[in-house]
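what's the 3D shape of this:
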Amino acid sequence: MLYAGDTTISYELILEKFRSIEKPIDKYLTLRDLLRLAPRVYYDLLLKHTEEILPYIYTPTVGEACEKYHKLPLKTRGLYLTLYDKGSVLKKLQAWPVQEMKVAVITDGERILGLGDLGRNGMGISEGKITLYTAAAGVNPMQCLPICVDIGTNNPTYLEDPDYKGI
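Numbers count the residues shown, from 1 in each chain. Purely as a prediction, here's the structure:
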(Lines give C-alpha, C1' and ligand atoms only; values in the text may rest on other atoms or scores of the structure.)
Protein backbone atom coordinates (compact mmCIF):
# COMPACT_ATOMS: atom_id res chain seq x y z
CA MET A 1 0.00 0.00 0.00
CA LEU A 2 1.24 3.46 -0.90
CA TYR A 3 -0.59 5.66 1.49
CA ALA A 4 -1.10 3.63 4.68
CA GLY A 5 -3.24 6.40 6.15
CA ASP A 6 -0.23 8.64 6.80
CA THR A 7 -1.45 12.12 5.94
CA THR A 8 2.06 13.53 6.07
CA ILE A 9 3.45 11.37 3.26
CA SER A 10 4.64 13.55 0.40
CA TYR A 11 3.27 13.60 -3.10
CA GLU A 12 6.75 12.87 -4.49
CA LEU A 13 7.12 9.84 -2.23
CA ILE A 14 3.75 8.51 -3.35
CA LEU A 15 4.77 8.83 -6.99
CA GLU A 16 8.14 7.23 -6.32
CA LYS A 17 6.56 4.29 -4.49
CA PHE A 18 3.94 3.91 -7.23
CA ARG A 19 6.67 3.70 -9.86
CA SER A 20 8.52 1.05 -7.84
CA ILE A 21 5.56 -1.37 -7.92
CA GLU A 22 6.12 -4.00 -10.58
CA LYS A 23 2.80 -5.76 -11.25
CA PRO A 24 0.08 -3.74 -12.99
CA ILE A 25 -2.65 -5.24 -10.78
CA ASP A 26 -0.73 -4.12 -7.70
CA LYS A 27 -0.53 -0.60 -9.12
CA TYR A 28 -4.30 -0.76 -9.72
CA LEU A 29 -4.93 -1.81 -6.11
CA THR A 30 -2.56 0.83 -4.80
CA LEU A 31 -4.35 3.55 -6.74
CA ARG A 32 -7.72 2.30 -5.50
CA ASP A 33 -6.38 2.46 -1.96
CA LEU A 34 -5.10 5.98 -2.52
CA LEU A 35 -8.49 7.05 -3.89
CA ARG A 36 -10.23 5.66 -0.81
CA LEU A 37 -7.81 7.19 1.68
CA ALA A 38 -6.80 10.47 0.00
CA PRO A 39 -9.05 11.37 -2.93
CA ARG A 40 -7.48 14.80 -3.48
CA VAL A 41 -4.00 13.32 -3.70
CA TYR A 42 -5.31 10.60 -6.03
CA TYR A 43 -6.91 13.07 -8.45
CA ASP A 44 -3.92 15.39 -8.27
CA LEU A 45 -1.65 12.49 -9.18
CA LEU A 46 -4.02 11.42 -11.97
CA LEU A 47 -4.31 14.89 -13.49
CA LYS A 48 -0.59 15.67 -13.32
CA HIS A 49 0.56 12.25 -14.56
CA THR A 50 -2.39 11.12 -16.68
CA GLU A 51 -0.42 9.23 -19.33
CA GLU A 52 1.53 7.34 -16.70
CA ILE A 53 -1.39 6.57 -14.37
CA LEU A 54 -4.28 5.87 -16.76
CA PRO A 55 -3.14 2.41 -17.95
CA TYR A 56 -3.39 1.22 -14.35
CA ILE A 57 -6.85 2.67 -13.81
CA TYR A 58 -8.38 1.60 -17.10
CA THR A 59 -7.11 -0.44 -20.03
CA PRO A 60 -5.22 -2.63 -20.05
CA THR A 61 -5.13 -3.27 -16.28
CA VAL A 62 -8.86 -2.94 -15.61
CA GLY A 63 -9.44 -6.13 -17.61
CA GLU A 64 -7.41 -8.19 -15.17
CA ALA A 65 -8.98 -6.33 -12.26
CA CYS A 66 -12.49 -7.16 -13.51
CA GLU A 67 -11.64 -10.83 -13.97
CA LYS A 68 -10.46 -10.97 -10.34
CA TYR A 69 -12.76 -8.27 -8.91
CA HIS A 70 -14.64 -10.58 -6.54
CA LYS A 71 -11.36 -11.75 -5.00
CA LEU A 72 -9.61 -8.39 -4.73
CA PRO A 73 -9.52 -6.45 -1.45
CA LEU A 74 -11.68 -3.61 -2.76
CA LYS A 75 -14.48 -1.49 -1.45
CA THR A 76 -16.85 -1.02 -4.36
CA ARG A 77 -17.60 2.63 -5.11
CA GLY A 78 -20.75 1.97 -7.06
CA LEU A 79 -24.29 0.70 -6.82
CA TYR A 80 -25.33 -2.84 -7.65
CA LEU A 81 -28.81 -3.50 -8.96
CA THR A 82 -30.10 -7.06 -9.34
CA LEU A 83 -33.19 -8.87 -10.53
CA TYR A 84 -34.26 -8.92 -6.91
CA ASP A 85 -34.45 -5.11 -6.88
CA LYS A 86 -37.46 -5.13 -9.19
CA GLY A 87 -39.86 -2.49 -7.92
CA SER A 88 -37.29 -0.87 -5.61
CA VAL A 89 -34.70 0.61 -7.99
CA LEU A 90 -35.88 4.17 -7.40
CA LYS A 91 -35.69 3.60 -3.64
CA LYS A 92 -32.10 2.35 -3.95
CA LEU A 93 -31.14 5.35 -6.08
CA GLN A 94 -32.77 7.73 -3.61
CA ALA A 95 -30.85 6.08 -0.76
CA TRP A 96 -27.50 6.72 -2.47
CA PRO A 97 -25.47 9.10 -0.24
CA VAL A 98 -24.83 11.65 -3.02
CA GLN A 99 -27.93 12.93 -4.80
CA GLU A 100 -26.47 15.48 -7.22
CA MET A 101 -25.55 12.97 -9.92
CA LYS A 102 -24.99 14.18 -13.46
CA VAL A 103 -23.57 10.98 -14.98
CA ALA A 104 -24.34 7.31 -14.45
CA VAL A 105 -22.01 4.74 -15.99
CA ILE A 106 -23.95 1.49 -16.25
CA THR A 107 -22.82 -1.99 -17.20
CA ASP A 108 -24.33 -5.44 -17.00
CA GLY A 109 -20.84 -6.94 -17.11
CA GLU A 110 -21.72 -9.05 -20.11
CA ARG A 111 -19.16 -7.93 -22.70
CA ILE A 112 -16.15 -6.52 -20.93
CA LEU A 113 -13.15 -5.60 -23.09
CA GLY A 114 -13.44 -8.77 -25.15
CA LEU A 115 -13.18 -10.88 -21.99
CA GLY A 116 -16.75 -12.14 -22.16
CA ASP A 117 -19.37 -12.24 -19.44
CA LEU A 118 -17.85 -11.09 -16.16
CA GLY A 119 -21.20 -10.54 -14.46
CA ARG A 120 -21.02 -8.53 -11.28
CA ASN A 121 -17.25 -8.17 -11.72
CA GLY A 122 -17.94 -5.63 -14.47
CA MET A 123 -18.29 -2.92 -11.80
CA GLY A 124 -14.60 -2.15 -12.34
CA ILE A 125 -15.43 -0.90 -15.83
CA SER A 126 -18.01 1.60 -14.61
CA GLU A 127 -15.68 2.79 -11.87
CA GLY A 128 -12.76 3.11 -14.30
CA LYS A 129 -14.75 5.03 -16.90
CA ILE A 130 -15.66 7.65 -14.33
CA THR A 131 -11.95 8.17 -13.72
CA LEU A 132 -11.47 8.54 -17.49
CA TYR A 133 -14.20 11.19 -17.59
CA THR A 134 -12.47 13.06 -14.78
CA ALA A 135 -9.01 12.89 -16.37
CA ALA A 136 -10.09 13.63 -19.93
CA ALA A 137 -13.06 15.95 -19.52
CA GLY A 138 -12.87 17.35 -16.01
CA VAL A 139 -16.12 15.70 -14.92
CA ASN A 140 -16.52 15.92 -11.15
CA PRO A 141 -16.27 12.31 -9.93
CA MET A 142 -18.59 13.12 -7.02
CA GLN A 143 -21.34 13.70 -9.56
CA CYS A 144 -20.90 10.30 -11.21
CA LEU A 145 -22.43 7.02 -10.18
CA PRO A 146 -21.01 3.69 -11.32
CA ILE A 147 -23.78 1.10 -11.60
CA CYS A 148 -23.60 -2.61 -12.31
CA VAL A 149 -26.85 -4.32 -13.18
CA ASP A 150 -26.33 -7.92 -12.11
CA ILE A 151 -28.68 -9.94 -14.29
CA GLY A 152 -26.65 -13.09 -13.83
CA THR A 153 -23.73 -14.65 -15.61
CA ASN A 154 -23.33 -17.71 -17.75
CA ASN A 155 -19.60 -17.84 -17.05
CA PRO A 156 -18.90 -21.24 -15.47
CA THR A 157 -15.73 -19.96 -13.81
CA TYR A 158 -17.76 -17.54 -11.69
CA LEU A 159 -20.78 -19.77 -11.21
CA GLU A 160 -18.54 -22.46 -9.71
CA ASP A 161 -16.55 -20.04 -7.57
CA PRO A 162 -17.91 -19.84 -4.00
CA ASP A 163 -16.37 -16.35 -3.63
CA TYR A 164 -18.34 -14.93 -6.56
CA LYS A 165 -21.15 -12.79 -5.13
CA GLY A 166 -23.20 -12.33 -8.27
CA ILE A 167 -26.28 -14.07 -9.57
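
quick one: buried residues of the longest strand anywhere in the chain?
Counting by DSSP state E, the longest strand found in the chain is strand 144-150. Within strand 144-150, the residues that count as buried by 16 or more other C-beta atoms under 10 Å are C144, L145, P146, I147, C148, V149, D150. Using the backbone N, CA and C atoms, a C-beta is placed for each residue, glycine as well.

in the residues you listed, find the pair that's most separated.
Farthest apart among these by C-beta to C-beta are C144 and D150. That separation is 19.5 Å.

so what's the closest residue to T82 other than its chain neighbours up against?
Spatial nearest neighbour of T82, chain neighbours left out: D150 (4.6 Å); criterion: C-beta to C-beta, 6 or more residues apart in numbering. The contact partners of D150, by C-beta atoms under 8 Å, 6 or more residues apart in numbering, come to Y80, L81, T82, L83, D108, G109, G119, R120, G166, I167.

make a PyMOL selection of the buried ones in those residues.
Here is the PyMOL command that selects only those of the contacts of D150 that count as buried (16+ other C-beta under 10 Å):
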select buried, resi 80+81+82+108+109+119+120+166
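
redo the contacts of D150 as CSV? Include distance to K71 and secondary structure.
As requested, the contacts of D150 are exported to CSV (distance: C-beta to C-beta, whole Å; DSSP: H, G, I helix; E, B strand; the rest coil):
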residue, distance to K71, secondary structure
Y80, 17, strand
L81, 22, strand
T82, 20, strand
L83, 23, helix
D108, 20, coil
G109, 15, coil
G119, 13, helix
R120, 12, helix
G166, 13, coil
I167, 18, coil
